[in-house]
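A.B. asks: model the following, please.
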Amino acid sequence: MMAMAGSPDSSVHAAMTGPPDASPRFLSIDEGQIAYDDTGGDGPLVLAIPGMGDLRSEYRALRPLLRQAGYRVVTMDIRGHGDTTARWNDYSAHAVGRDALALMDHLNAGPAVILGNSFAAGSALWAAHDAPAQVRAVVLLGPVVRDGRPSWFAKAAVAIGFAGPWRVPFWLAFWNSLFPSRKPADHANAKAALALNLREPGRMEALRTMIGLSKADTTAILARNHVPALVVMGTRDPDFPDPVAEARWLADTLGAESLLVEGAGHYPHLEMPERVAPQLLDFLARVCAP
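C.D. replies: Numbers count the residues shown, from 1 in each chain. Take a look at the predicted model:
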């Protein structure tokens, strides 16, 4: 089922405030530590995983809405990013999916709905593939789950962009372009925090490694998905030549519901949360129903 996001809901917009994140908590696993925030509570667990080149704070608009609706919301930093350890032997979507399952086991809060943005949509799908009994459903936001065909110019731009001391500004310029219609009110502060993090030792190397990884392994498991799924795609997502066609292909492949957010880019849940939240909350209510 393909749906288009409706007009903004002022009540949803008014709810997009909440207390600032406290200091992160940490889960120690084999090679390092996974940083996460936890709203607590005894509601159904929602675990949100950011995409590469970003921080767990990318869910700052959805988090208070979900908490207000009665969910326990946990946001984690992926390998190499945020407050999570920088250097790992494996940065794959599958490895991040295993981290998500380890965190869920640690929380001991029952099965979760996993939100995954961009590259981490693959992590949500891998977690569901490896432990379907632990995953109620997945929500895939601007999902990148198959290899594209970048032009020689794009390949050269990435190679040059990551080659020198300009690599953090290069990434931030690209990141800025992922919000084509409007930027969040706190975008400047978020950009400064991301820049500070990416300048830490090992962070940009981790990002560059992730960019170079094939997604063929994730593509291979799509048809074996057996949990409910919601695909959320901005119609102006610059990561895809045709975002609408990409969303339709993935929804058809997964047998998923889908939501097209008119005018949004790669972060529809942050650029236009008031248009994403209603269908997301409806989906969560259905998959979390007793």
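
A.B. asks: give me the most central residue, the chain.
C.D. replies: With distances taken as Cα atoms, centre = their mean, the chain has residue 117 as the residue nearest its mean C-alpha position (2.2 Å).

A.B. asks: any idea how far that one is from residue 159?
C.D. replies: According to Cβ to Cβ, to the nearest Å, residue 117 and residue 159 sit 25 Å apart. Any C-beta I mention is one placed from the backbone N, CA and C, and that applies to glycine too.

A.B. asks: state the distance from residue 123 to residue 70.
C.D. replies: For residue 123 relative to residue 70 (Cβ to Cβ), the value is 25 Å.

A.B. asks: who's more crowded, those two?
C.D. replies: The residue with more neighbours, out of residue 123 and residue 70, is residue 123; 30 against 13, by other Cβ atoms under 10 Å.

A.B. asks: separation between the more buried one and residue 35?
C.D. replies: Distance of residue 123 to residue 35, computed by Cβ to Cβ: 15 Å.

A.B. asks: again with residue 85
C.D. replies: With the distance defined as Cβ to Cβ, residue 85 ends up 8 Å from residue 35.

A.B. asks: pLDDT score for residue 36?
C.D. replies: Predicted confidence (pLDDT) for residue 36: 99.

A.B. asks: and for the one 3 residues further on?
C.D. replies: At residue 39 the predicted local distance difference test score is 97.

A.B. asks: ok so, going back, the residue nearest to the centre of the chain against residue 141, yeah?
C.D. replies: Yes: with contact defined as Cβ atoms under 8 Å, residue 117 reaches residue 141; the gap is 4.4 Å.

A.B. asks: what do these two both touch?
C.D. replies: 267, 269 (Cβ atoms under 8 Å, 6 or more residues apart in numbering).

A.B. asks: doesn't residue 222 belong to a strand?
C.D. replies: No: going by DSSP: H, G, I helix; E, B strand; the rest coil, the assignment for residue 222 is helix, not a strand.

A.B. asks: now it. Nearest residue, chain neighbours left out?
C.D. replies: Spatial nearest neighbour of residue 222, chain neighbours left out: residue 253 (4.9 Å); criterion: Cβ to Cβ, 6 or more residues apart in numbering.

A.B. asks: that neighbour - that's part of a helix, no?
C.D. replies: Yes: with three-state DSSP as the criterion, residue 253 is part of a helix.

A.B. asks: now it: how far from residue 27?
C.D. replies: 32 Å.

A.B. asks: for residue 12, give me the pLDDT.
C.D. replies: In this model, residue 12 carries a pLDDT of 38.

A.B. asks: now do the one 5 residues further on
C.D. replies: pLDDT, the model's per-residue confidence, is 38 for residue 17.

A.B. asks: again, but for residue 63
C.D. replies: pLDDT at residue 63 comes out at 98.

A.B. asks: which ones are touching it?
C.D. replies: Contacts of residue 63 by Cβ under 8 Å, 6+ apart are 18, 39, 48, 73, 75.

A.B. asks: in PyMOL, select just the buried ones from those.
C.D. replies: Selection of buried members from those for PyMOL, criterion 16 or more other Cβ atoms under 10 Å:
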select buried, resi 39+48+73+75
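
A.B. asks: buried residues in stretch 91-106?
C.D. replies: For stretch 91-106, a neighbour-count test (16+ other Cβ under 10 Å) marks 91-104 as buried.

A.B. asks: what segments of the stretch 101-250 of the chain are helices?
C.D. replies: Using DSSP state H, counting those that start in this stretch, the helices of the stretch 101-250 of the chain run over residues 119-130, 152-161, 167-176, 187-198, 203-212, 216-221, 243-254.

A.B. asks: ok, which of those comes nearest residue 58?
C.D. replies: With Cβ to Cβ as the measure, helix 187-198 is the member of these nearest residue 58 (8.0 Å).
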